[in-house]
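Enquirer: here is the input, now give the coordinates:
(3 chains)
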Amino acid sequence: MNTALVMEHVLNGFQLGMLLFLLAAGLTLILGIMDFVNLAHGSLYMVGAFFAATFTKLTGNFGLGILLAVPAVLLVGLVVEIVALRTLYARNHLDQVLATFGLVLFFNELVQIIWGPQGLVIPFPSAFDFTVTLPGGITYPAYRLLIIGMGFVVAFGLYLLVGRTRLGMLIRAGASNRDMVGALGVDIKLLFTFVFGIGAVLAGLAGMLYLPIGGAYIGMGELILINALVVIVIGGIGSIRGAFIASIIMGLIDALGRAFLEDFLNFFMTEGAAETAGPALSAMSVYILMAAILVFRPQGLFPPRSR
Amino acid sequence: MMAGIMRHIVSVRGIVIVALLLYLLFLPYYASAFYINVFTRILIWAIAGISLNLILGYGGMISFGHAAYLGVAAYTVLAFAEQGIYLGWVQWPVAIILAGVVSAFIGTLCLRTRGLHFIMITLAFTQMLFFFFRSLDRFRGDDGLRIKKRSEFDFGWFELDLMDRLTFYYLVFAILLVALLFVFRLVNSRFGAVLRGSMSNDVRMQAIGVSTYGYRLTAFVIAGMMCGVAGLLMANMERFVSPAVLSWTVSGDLIFIVVLGGSGRLFGPVFGALVFFLLIEFLGDITIHWQLIMGPFLVLVVLFARTGIDGALNGLDHKLRVRFGRGQSGDEEMSS
Amino acid sequence: MTSPALQSDALLAARKLDVRFGGVVAADQLDIDVYPGEIHAVIGPNGAGKTTMINLLSGQIKPDNGKIVFDGAEISRLSPARRSQRGIARSFQITSIFKEMSALANIAMAVQAQDGHSFRFWRPVGADDKLLGPAQAILEQFGLGERAEILAGNLAHGEQRQLEIAMALATQPRLLLLDEPMAGMGSQDSARMVEILASLKDNYAMLLVEHDMDAVFALADRITVLVYGRAIATGSPAEIRDDKNVRDAYLGEDGAN
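Expert: This next block holds a predicted model:
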């Protein structure tokens, strides 16, 4: 086990964490400000990937594909918000969970009708098809570095937006006291739609960035959505900072667990037992972490109220 | 007492329920083998729904991970079958107890939280089990495994042959009735009163001197074990177990069954399971893209049919009673 | 003001309670006593920490510092349920009842809470005379006997407030903590509530937080004035009426009516 190999998996963990963060950031904002659970957030991730695949095929250029797919996802997100979700804000969480669960079924089927059951893949964008040699002599794919960089850029952008602008002030106020924002004379509906739009674009973007690595397929948004929910719980509902840190923790645990847990267990048990327990444990590890955090901090690492 | 029962039966809701139970009782006389299987499956889901209704409908605990207990029990049956052990006396109690142990573990942690956290954490724990079972090569991971034969119950003087379609159907039907009776008594007992009280107003419950955690946890474990019964029946029914049995959509379907039928209403999950699966059968005949209709249907149910089927029947009865001048006796149902 | 020593004949004695929410001081070295058989009223402007005080005494909030003694035993760290079991009952400023249950079921729930554990899974509460008998009697006492089968959420506002007090009594307490029992009531309902509280006076000690000054001066044996989480004065109604500090701080404008 050498340093370069460990570093490579650490970077993999970051890359996974950043995709998670793009999804979790929107989800936690929507939850924090609107008190709304949106399971269909994962569907926007999926739709984003499919749009990007289609537009890339049409234009022959991945960058152009993304550029076209972003407004398309935004449009889908806004339509869903205005048509279906708006009426659900005032409802209880059970209603929200159930109705957006229905939307997930609907989107899966709709995508299947439009794009077929096989899913789509695109050729790897040639512009990013090279590796970078990092300090320490590690070579790493440029595209994965791009994802990591993108995650940091978005995190920084959201930090500025939420922490430094009037809009951000309203978002923060909305997270702790919804009535107050209304009392300030702000059109709360518009604010919600705007926040939802940001969330939709980020989720879609995550799907687009994933596209060259894993393709677009039906149901791709569900697993990552549930992991994003775990991230939010760990990070503290409504907290961007919490979502960022928890995403990275989750990404690292997942990547390192997959890579090394089996070797690690070999120290303690027979090879056969480690071979069985390794994959099982690494698949469960993020949830075990969540359970542990819950025991000590039921409100998550960074509950927004104490901000 | 008798008059009260009579009043319940002589109502649209009462007539529908009695007719439904009679229909199910005599099902083999008019249903094909295929439909007997369909109905067996529906009744098993109804049992799972009844168990979820106990905590969701009467205790306000929105578990989005109820499929976990289906899965634990189903895999227990599979594990015994893989060892060549088909004895029901061994398989069933162990399956139910394991479902109880897992629900006790999950409940102990999850019930520390409320509301949204509770929903997500129950979901996450079930995902954890999903990945656990998926990673087990012994059970062929994602692909799952077949079970050679159903559980064996040999009483010496007679043998319960579950491989026989009718025997199995009637066993499931009987278990459904027992589950209904059990939940009926439970929610109306002192224990049930505390459970309903904690759903209605937990702060008030504490203020009159009841610490509700233990009661809620007990209900959670009872529901887990009941769901385990459904899980072991499911494994027997399909004679096949794969991680799909505890996928998150199964948990979602279970919530939908409860809400569609009428959450917090005894017969709700039975109505819910029937309508849910018959609708799937029906839509599936029309188009392979039935989820395109099912999804929006679900949204519409949430938006416009909040009391579910059982609640709608009850509301209809109330209207009839008011119209035909017997409204005075129905005071306690004024607001429902 | 130095804290008086803990007196053994007080039913409830709280000493030097501190609570902060973020930067806001909600209780500041707060002392309060309630003696058996007295109605001790607490008044003060909005935001003075009156509800916080009730929450501290009933256990919904734990103090940062200080100690609470009830009936000779320290209860500062006990849960609300535990304190209720020891004989402290409370009402809430915003009516807190089981809205989906009948009035009778509300009271029966409180009776049940006093009757040992509830791990009894089979016998229906709806036919349990051990619960329904006492519950009906308490409803009659409050003049709600006729309304037993009505859903609590469908009762009139005044009736709901009475039901809440009745529920508190059903737990057989020794001390009642009442958080604005007259809130939102018309004059007729208020008068009825004053009558009820006066009739309970012989059997229960009461700590009464209330904005209705007529009611306070009609009922209270002693009054404490709370400002910014501090007790600035305690004394008989006459003493409080004449206290210059109190007039300046509080009674000045709004106690004159």
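Enquirer: how about residue 48, nearest residue that isn't a chain neighbour?
Expert: Picked chain A for this. A:G204 (2.8 Å; CB to CB, 6 or more residues apart in numbering or on different chains). Heads up, the C-betas are built off the backbone N, CA and C, glycines and all.
Enquirer: sorry, I should have been clearer: chain C.
Expert: Spatially, and ignoring its direct neighbours in sequence, C:A48 is nearest to C:L226 (4.4 Å; CB to CB, 6+ apart).
Enquirer: would the one you found count as being in a strand?
Expert: Yes - assignment of C:L226 by DSSP: H, G, I helix; E, B strand; the rest coil places it within a strand.
Enquirer: roughly how far apart are it and C:F70?
Expert: 20 Å (CB to CB, to the nearest Å).
Enquirer: give me the more crowded residue out of those two.
Expert: Higher neighbour count among C:L226 and C:F70: C:L226, with 26 against 22, using other CB atoms under 10 Å in any protein chain shown.
Enquirer: pretty sure that one sits against C:N46.
Expert: No - the pair C:L226 / C:N46 is not scored as a contact, 11.0 Å apart, by CB atoms under 8 Å.
Enquirer: name the element the closest residue to A:F268 other than its chain neighbours belongs to?
Expert: The shortest distance from A:F268 to any non-neighbouring residue, by CB to CB, 6+ apart, is to A:A274 (7.7 Å). For A:A274, the enclosing helix or strand under DSSP states H and E is helix A:271-296.
Enquirer: equivalent analysis for B:A46, please.
Expert: helix B:33-56.
Enquirer: low-scoring pLDDT stretches of chain A, where are they?
Expert: Applying pLDDT under 70 to chain A flags residues A:1, A:174-183, A:185, A:304-307.
Enquirer: quick check: most distant residue from the centroid of it.
Expert: A:T270 (37.1 Å; CA atoms, centre = their mean).
Enquirer: what's that one sitting at in phi/psi?
Expert: When read as degrees, to the nearest 10, the backbone of A:T270 gives phi -70, psi 160.
Enquirer: give the helix, strand or coil label for B:A235.
Expert: Going by three-state DSSP, the secondary structure assigned to B:A235 is helix.
Enquirer: any idea how far it is from chain C?
Expert: Distance of B:A235 to chain C, computed by CB to the nearest CB, to the nearest Å: 28 Å.
Enquirer: that residue contacts B:A79, doesn't it?
Expert: No - B:A235 is not in contact with B:A79 according to CB under 8 Å; the separation is 10.2 Å.
Enquirer: looking at those two, which has the bigger crowd around it?
Expert: Shown here are B:A235 and B:A79; by other CB under 10 Å, B:A235 has more neighbours (28 against 19).
Enquirer: ok, that one - contacts?
Expert: B:73-75, B:77-78, B:147, B:241 (CB atoms under 8 Å, 6 or more residues apart in numbering or on different chains).
Enquirer: over to B:A73?
Expert: B:A73 makes contacts with B:95-96, B:98-99, B:227-232, B:235, as judged by CB under 8 Å, 6+ apart.
Enquirer: one more pass at 10 Å, please.
Expert: B:91-92, B:94-100, B:102, B:224-225, B:227-235, B:241, B:245 (CB atoms under 10 Å, 6 or more residues apart in numbering or on different chains).
Enquirer: show me which of those are buried.
Expert: B:91-92, B:94-96, B:98-100, B:102, B:224-225, B:227-235, B:241, B:245 (16 or more other CB atoms under 10 Å in any protein chain shown).
Enquirer: which ones are touching B:S198?
Expert: Counting by CB under 10 Å, 6+ apart, the residues that B:S198 touches are B:58-61, B:204-206, B:210-213, B:215-216, B:219, C:98.
Enquirer: tell me which parts of the stretch 51-200 of chain B are close to chain C?
Expert: Residues of the stretch 51-200 of chain B found near chain C (CB under 10 Å from any CB of the partner chain) are B:182, B:184-200.
Enquirer: just these: which are in helices?
Expert: Per DSSP state H, helices hold the following members of these: B:182, B:184-188, B:190-200.
Enquirer: pull out the buried residues from the residues you listed.
Expert: B:182, B:186-188, B:190-200.
Enquirer: how is chain C partitioned into domains?
Expert: Using automatic domain parsing, the domain ranges for chain C come out as C:1-87+C:173-257, C:101-172.
Enquirer: for the closest residue in space to B:F139 that isn't next to it in sequence, name its beta-bridge partners.
Expert: Once flanking residues are discounted, B:F139 sits nearest to B:L145: 5.4 Å by CB to CB, 6+ apart. The partner list for B:L145 in beta bridges (DSSP bridges) reads B:V241.
Enquirer: isn't B:L145 up against B:V245?
Expert: No - if you go by CB atoms under 10 Å, B:L145 and B:V245 don't touch, sitting 11.8 Å apart.
Enquirer: return every residue with contacts to both of these two.
Expert: In contact with both B:L145 and B:V245: B:75, B:78, using CB under 10 Å, 6+ apart.
Enquirer: what's C:I68 sitting at in phi/psi?
Expert: Per-residue torsions, C:I68: phi -120, psi 130 (degrees, to the nearest 10).
Enquirer: in which helix or strand does the residue of chain C found nearest chain B reside?
Expert: Closest to chain B within chain C is C:S84: 3.4 Å, counting by CB to the nearest CB. Taking DSSP H and E as the criterion, C:S84 maps to helix C:80-86.
Enquirer: so how far is that helix off the chain centroid?
Expert: In this view, helix C:80-86 has its centroid 14 Å away from the chain centroid, taken as CA atoms, centre = their mean, to the nearest Å.
Enquirer: and stretch A:63-79, by the same measure?
Expert: Its chain's C-alpha centre and that of stretch A:63-79 lie 17 Å apart, by CA atoms, centre = their mean.
Enquirer: any buried residues in it, and which?
Expert: Neighbour counts using 16+ other CB under 10 Å place A:65-66, A:68-70, A:72-74, A:76-77 of stretch A:63-79 among the buried residues.
Enquirer: which of the residues you listed sits closest to chain B?
Expert: Using CB to the nearest CB, A:V76 comes nearest to chain B of the buried residues of stretch A:63-79, at 15.0 Å.
Enquirer: hang on, that closest one packs against A:G48?
Expert: Yes - the criterion here is CB under 10 Å, and A:V76 meets it with A:G48 at 8.8 Å.
Enquirer: intersection of neighbour lists for these two?
Expert: Here A:V76 and A:G48 share the contacting residues A:200, A:204, scored by CB under 10 Å, 6+ apart.
Enquirer: contact partners for the residue farthest from the centre of chain A?
Expert: Residues in contact with A:T270 (CB under 10 Å, 6+ apart) are A:T276.
Enquirer: close to chain A: what parts of the stretch 101-250 of chain B are there?
Expert: Taking CB under 10 Å from any CB as the contact definition, the stretch 101-250 of chain B meets chain A at B:105-106, B:108-110, B:112-121, B:123-138, B:141, B:247-249.
Enquirer: just the buried ones among the residues you listed, please.
Expert: Buried members of those, scored by 16+ other CB under 10 Å, are B:106, B:109-110, B:113, B:116-121, B:123-135, B:247-249.
Enquirer: so which residues of chain A form helices?
Expert: Under DSSP H, chain A gives helices at A:3-34, A:41-59, A:62-80, A:93-115, A:142-164, A:166-176, A:178-183, A:188-214, A:220-235, A:240-266, A:271-296.
Enquirer: just the stretch 151-257 of chain C next, same as before
Expert: C:157-170, C:187-200, C:213-219, C:237-242, C:244-246, C:252-254 (DSSP state H, counting those that start in this stretch).
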